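Asks: Return atomic coordinates for the entry below.
(one chain, ligands or ions: 1)
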Amino acid sequence: LERRTGWDGQHLVNYEGFWFPEMFLPSIRSSRNNFVAKNTDIILATVPKSGTTWLKALTFSVANRGIYAVDQSPLLKSNPHKLVPFIQEYIGDEHDKLLPMENVSDPRILSSHVPFVMLPYSVAKSECKIIYLCRNPLDQFISLHHFFASNKIEKEAVPLGFEESFDMFCQGIIGFGPFWEHMIGYWNAHLENPKKVLFLKYEDLKEDIVLNVKKIAEFMGCPFSEEEVGKGVVEEISKLCSFGNLKNLEVNKNGYVMDGVLKNNTFFRKGEVGDWANYLSSEMAERMKKLMEIKFEGSGLTFKI
Ligand code: A3P
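Replies: Sure thing, here's the model as predicted:
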């Protein structure tokens, strides 16, 4: 297998055309074979730094709205990643410390960053649904850059400079990348079967969260009733899960998720569209726009940037 050191110093390995953090590959492969999807499962598939945390909070709230009133939501006391873990946190290889799967109630909401072709085999065979979320790659890059800087995942690593990192990102050498392959894989799966795969973009969620929360609930098979809409439940959930609200909760200001590797507060940085313009030179931005043009040509996939 081809290996590279990622721009944050993480060890990356190329597997079936995608780059994976080497430390995650064994559990990704194990869950591909061993995870047994149920027809009622909702799988959140996301590009890292595209709003995974937000989507976890939203889907958790939508699914559990009959159980918890908004002011009693477990989100007020737990980071969204604790409430909706990654599949690999349940099904890993023998070296991993795993969460117990049998405690998860239906409908199970689980998440993954893997490309469509690397999802557990049982996902395609079952009637479970996939909610995909991605983001314009310019903002994704800036978000990743900050995330890596605040979480030293590889303790000994010497991270590359900004320009070199950007260059590697444009070459597709990033965990779960190339980003265009990731996006197009799910985009085509969505076009082929829109009832199985919902395709969301961070920019659209930012533009109209209420509309998108309704869309998510419908897709999950639990649409809001007229009564709920009348009572403002959709707005309440949107507000509960908003960047400003989650960022300022005590639970998200401190502590760690994923076995103490990542800091809670690093999942809430700025939460805006277009922050790239504060960091990228016009040459860098042009290079990325050109790359997107080439890679997405003919796919019908576009981004507001
Ligand atoms: P920025 O670094 O641009 O601020 P992920 O959850 O996939 O790791 O993505 C993290 C990105 O989503 C960060 O982007 C983070 O600030 C943003 N984010 C986290 N929670 C959010 C929310 N509730 N609403 C909007 N953006 C959010």
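Asks: Which residues of the stretch 201-305 of the chain lie near the ligand?
Replies: Taking Cβ under 6 Å from any ligand atom, the part of the stretch 201-305 of the chain that reaches the ligand is made up of 241-243, 246, 267-271, 275. Bear in mind the C-beta positions are built from the backbone N, C-alpha and C, glycine included.
Asks: Going through the residues you listed, which ones are buried?
Replies: Among those, those buried by neighbour count (16 or more other Cβ atoms under 10 Å) are 241, 243, 246, 267-269, 271, 275.
Asks: All the helices of the stretch 201-305 of the chain, in order from the start?
Replies: Assigned by DSSP state H, counting those that start in this stretch, the helices in the stretch 201-305 of the chain fall at 202-207, 209-220, 226-231, 233-240, 243-247, 250-253, 282-296.
Asks: go on, the stretch 1-150 of the chain?
Replies: With DSSP H, counting those that start in this stretch applied, the stretch 1-150 of the chain shows helices at 25-34, 52-63, 80-83, 87-90, 121-125, 137-150, listed in chain order.
Asks: who touches the fifth one?
Replies: This points to helix 121-125. Around helix 121-125, the neighbours that count as contacts under Cβ atoms under 8 Å, 6 or more residues apart in numbering are 32-33, 35-37, 43, 130.
Asks: Could you do the second one as well?
Replies: In this structure, residues lying in contact with helix 52-63 by Cβ under 8 Å, 6+ apart are 42, 44, 46, 70, 73-75, 79-81, 83-84, 107, 109, 111, 113, 131, 133, 200, 202, 205, 213, 216-217, 220, 222, 237-238, 240-241, 243, 246, 267-268.
Asks: could you redo the last one with a cut-off of 7 Å?
Replies: The contact list for helix 52-63 (Cβ atoms under 7 Å, 6 or more residues apart in numbering) reads 42, 44, 46, 73, 75, 80-81, 83-84, 107, 109, 111, 131, 133, 213, 216-217, 220, 222, 237, 240-241, 246, 267.
Asks: Which ChimeraX command selects the buried ones in these?
Replies: For the buried members of the contacts of helix 52-63, the matching ChimeraX selection, counting by 16+ other Cβ under 10 Å, is:
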select :42,44,46,73,75,80,81,83,84,107,109,111,131,133,213,216,217,220,237,240,241,246,267
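Asks: Now do the contacts for F35.
Replies: Here F35 is in contact with 87, 91, 120, 122 (Cβ under 7 Å, 6+ apart).
Asks: now do 8 Å
Replies: Residues counted as contacts of F35 (Cβ under 8 Å, 6+ apart) are 87, 90-91, 120, 122-123.
Asks: Turn the residues you listed into JSON lines, columns for neighbour count, distance to the ligand and pLDDT.
Replies: As requested, the contacts of F35 are exported to JSON lines (neighbours: other Cβ atoms under 10 Å; distance: Cβ to the nearest ligand atom, whole Å; pLDDT from 0 to 100):
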{"residue": "I87", "neighbour count": "27", "distance to the ligand": "15", "pLDDT": "95"}
{"residue": "Y90", "neighbour count": "21", "distance to the ligand": "19", "pLDDT": "93"}
{"residue": "I91", "neighbour count": "22", "distance to the ligand": "21", "pLDDT": "91"}
{"residue": "P120", "neighbour count": "24", "distance to the ligand": "20", "pLDDT": "98"}
{"residue": "S122", "neighbour count": "17", "distance to the ligand": "24", "pLDDT": "98"}
{"residue": "V123", "neighbour count": "22", "distance to the ligand": "20", "pLDDT": "98"}
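Asks: rewinding a little: among the contacts of helix 121-125, which are in reach of the ligand?
Replies: Okay, of those, nothing touches the ligand (Cβ under 6 Å from any ligand atom).
Asks: Take these and write them to TSV, including pLDDT and distance to L55.
Replies: TSV is the format used below for those (pLDDT from 0 to 100; distance: Cβ to Cβ, whole Å):
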residue	pLDDT	distance to L55
R32	96	22
N33	96	26
F35	96	19
V36	96	23
A37	97	18
I43	98	11
I130	98	12
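Asks: All good on my end, thank you.
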